[in-house]
Structures are given as structure tokens and as C-alpha cells.
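> only geometry, no sequence info:
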Ligand code: SAM
Ligand code: SF4
């Protein structure tokens, strides 16, 4: 049974950033020059992550997601997957990736016990892809998705951050992919994390002006393609609301941290690559797990620290009071 926090939310989900490095520089996530990376020594070792996941599983966490930076740039990621897949109580093991290296690693990861992958993709246009990511090739992501599908990493969910004047003119094209290619697309409202939105080359502009709400996206899709109907997703249990176009094999999801926050049902904790427990994405409160681990803390001691984090999970974020987190870039937390 998952442990309840102070607001009676069952905490069943841990997102683990395995590296703060990335092979892309998405404009809303990182500055062009990147961010200062942790040293090799600062990054948690796989056996340290194992101890934390054992402690989390003992508290009722059953779902793990590996993220980054870009998780696939960490060497030997399949070894970590193999370790985590064996931990009793972990029954959902997934990853969020930008897809660039997926074609190379999908088979190995699936064999190691990875069940699913979410691929972040904000545009279907190769030239725009290069502009948004500042260095990537769209073809690599599409190839990665194809290999992942053949490897049985299913369902693949596509995460699309929609930003006004960056890619909001493509929401209907993404919706068409749910009909023509059975994609499961989730539109995400951009959040002001680590000054990410101010990386969009317009420092004077209020970030709210660049948010395209789920309501607006839905209206544009319905105007072009007709009404959406509610749909169910067989995996997840996260904050997305799902719909489909009539008869479409794929689904459309909406994740609305800005227009309709879902904190009341938040079931997650986050672990940064350098070993800090972060109970809320949008609050800079963190607990250091790495120092105690390196001083010999065992599963029981880590459990006590996780409980402290669970007890300090805030009721909701404070973006509407302009309290945006400042401590870390999104690439350092993992989204
Ligand atoms: N590199 C991997 C990837 O891109 O999937 C994993 C880490 S990335 C930080 C995780 C997710 O966070 C991606 O889907 C990305 O688009 C999203 N993200 C990054 N910055 C964001 C922001 N400011 N607001 C909303 N989502 C953001
Ligand atoms: Fe890298 Fe993911 Fe951030 Fe893009 S969104 S820069 S791929 S961490």
C-alpha cells in the first residue's frame, strides 16, 4: 500500500533523473551554452539508486520513471534497468527520452526489463526540430520510435510542449498522427522552471503570454477535425486527460499544470541525478540523500528520509502567486 502524505495523497511514483547531461539544448529547457553539469563523483551510482528504490518500494512506491537530462546518454543504462526491474514491488518501469539514441538502445532496454517509453517531440518539421533543439535531427527520433515499438515498449506516448509562436501552429498536425499513425500524443503547457521560458530570446515578455492552454489547443483541433470524445489510457495514472478523434486508433492527452493544476492528485517524488529528493517539481525544497548514503546509510535510514520528504510535500504549487522555482533547470530535475 502506498504511503499517504499530509494531504492524503498516496505516493506511489518516483521519477529518477539518471544524469543532468543532454545531447540536445531545447530552447525552453536549457540555455544555448548548456548548464554546468555535475561531476562524475556527484552523480549517484547505480547501487545508490538501487538502495533508494528499495526504500521507496518498501514505502509502497510501485512505479519508476527514468529521466534526465537525457537518460540515454548515461553509460550502461540497461544495467540500471536490470537492477530496478528485479526489486519486489516495482511493477511499472518506464523512461522519458528525447528519442535521439533510442534506435541504438531500445532492444537492449526492453530485454533488461524496461516496459514503456515516453518520447518528447515538439515538431514534425525537420528544420524547426533543429531550431528548437538547437542540434537534433527529427529523423533520429522517428527511427527511435519505430525500433522501440518493434521492441515491445508499448504504448509509446509522445510528449509535446506547446509554446506560442514556437510550435502552436502544429497541434492539428499532431492530432492527425493519432488517426494516421496511431500515435498517443500528450500536449503539455509550458512551465516557468529554471527560467526556461526566458530562454526563448525574449526576456521582457511574461512567460504566461507563451502558454497555450489545453482549452485553446482542444478548440483548434476540434475546429479543424471535429469533436473529441473521452478515451481511456491503459497505463499511467498520471495527470493527463485523454480523448480521441472518432475512430482514431491513437489518443490525445492534455497535461495542464498552468490552466488547471492537478496537485490535489499528485502521487510523485523526484530524485535528482546528484542525489537530492525533490517532493515537488515546482518547489526548491530538497533533501540530500547522497551524503547519508555515502556515510553508509542503509535502506531503513533512507526510508526515514523519504518519509520526511513525503511529509513535506506541499499541497500545491504557487505559480499563480508568481513563486517560480529558481534552484535548478528542468534538465536537472527531469521534468
Ligand atoms: N531529455 C528527456 C526528454 O526530453 O524527454 C528527459 C528530460 S526532459 C526535462 C522531460 C520533459 O520535460 C520533456 O518532455 C520536456 O519537453 C519537458 N520540459 C522541459 N522543460 C519544460 C518546461 N519549461 N515546461 C514544460 N515541460 C518542459
Ligand atoms: Fe534535453 Fe530533454 Fe531538456 Fe530537451 S527537454 S534539452 S532533450 S533535457
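Received it, and whenever you're ready, just let me know what you need. All values reported here derive from a predicted model rather than from experimental measurement. Numbers count the residues shown, from 1 in each chain. Ligands and ions are numbered 1, 2, ... in the order given.
> Going by C-alpha atoms from here, please, whenever you check contacts or count neighbours.
Will do.
> Run through the strands of the stretch 201-335 of the chain in chain order.
229-230, 241-244, 252-255, 268-271, 276-278, 287-288 (DSSP state E, counting those that start in this stretch).
> With distance to ligand 2 as new columns, can the ones you listed be given to me in CSV?
Below are the strands of the stretch 201-335 of the chain laid out as CSV (distance: least, CA to the nearest ligand atom, whole Å):
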stretch, distance to ligand 2
strand 229-230, 28
strand 241-244, 22
strand 252-255, 16
strand 268-271, 15
strand 276-278, 17
strand 287-288, 22
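> now those as CSV including mean pLDDT?
Formatted as CSV, the strands of the stretch 201-335 of the chain follow (pLDDT from 0 to 100):
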stretch, mean pLDDT
strand 229-230, 96
strand 241-244, 96
strand 252-255, 96
strand 268-271, 95
strand 276-278, 95
strand 287-288, 96
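> May I see those arranged in CSV, with distance to ligand 1 and mean neighbour count as well?
Formatted as CSV, the strands of the stretch 201-335 of the chain follow (distance: least, CA to the nearest ligand atom, whole Å; neighbours: other CA atoms under 10 Å):
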stretch, distance to ligand 1, mean neighbour count
strand 229-230, 23, 13
strand 241-244, 16, 20
strand 252-255, 10, 25
strand 268-271, 12, 24
strand 276-278, 14, 24
strand 287-288, 20, 16
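> which one of those lies closest to residue 315?
Closest to residue 315 of these is strand 268-271 (CA to CA; 12.4 Å).
> what packs against the closest one?
For strand 268-271, the helices and strands in contact under the criterion 3 or more CA pairs under 8 Å, 6 or more residues apart in numbering; DSSP states H and E are strand 13-17, strand 276-278.
> Distance to residue 4 added to those, as TSV?
Listed next are the helices and strands packed on strand 268-271 as TSV, based on distance: least, CA to CA, whole Å:
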stretch	distance to residue 4
strand 13-17	12
strand 276-278	17
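> For residue 167, find the nearest of those.
For residue 167, the closest of the helices and strands packed on strand 268-271 is strand 13-17, at 26.5 Å, according to CA to CA.
> For that closest one, which strands pair with it and how are they oriented?
Strand pairing for strand 13-17, using DSSP bridges, gives strand 63-67 (parallel), strand 268-271 (parallel).
> Between these, which one is closest to residue 39.
When the strands paired with strand 13-17 are ranked by proximity to residue 39, the top entry is strand 268-271, at 16.7 Å, counting by CA to CA.
> which residues are in contact with that closest one?
Defining contact as CA atoms under 8 Å, 6 or more residues apart in numbering, one finds that strand 268-271 is touched by 11-17, 277-281, 310, 333.
> and of those, the nearest to ligand 1?
Distances from ligand 1 to the contacts of strand 268-271, taken as CA to the nearest ligand atom, are shortest for residue 333 (6.7 Å).
> For the closest residue to the closest one other than its chain neighbours, the count of nearby residues, please.
Nearest residue to residue 333, sequence neighbours excluded (CA to CA, 6 or more residues apart in numbering): residue 272, at 5.5 Å. Using other CA atoms under 10 Å, the number of residues around residue 272 comes to 27.
> Settle this for me: residue 272 is touching residue 16, isn't it.
Yes: if you go by CA atoms under 8 Å, residue 272 and residue 16 touch, sitting 6.4 Å apart.
> quick one: contacts for residue 65?
Taking CA under 8 Å, 6+ apart as the definition, contacts of residue 65 comprise 13, 14, 15, 16, 93, 94, 95, 96.
> Up against ligand 2, what does the chain have?
Proximity of the chain to ligand 2 is confined to 22, 24, 25, 26, 29, 30, 68, 69, 70, 98, 331 under the rule CA under 6 Å from any ligand atom.
> repeat that for 5 Å
Taking CA under 5 Å from any ligand atom as the measure of proximity, the chain contacts ligand 2 at 22, 24, 25, 26, 29, 69, 98, 331.
> ok, now how distant is the second one from residue 141?
Read it as residue 24. In this view, residue 24 and residue 141 are 12 Å apart by CA to CA, to the nearest Å.
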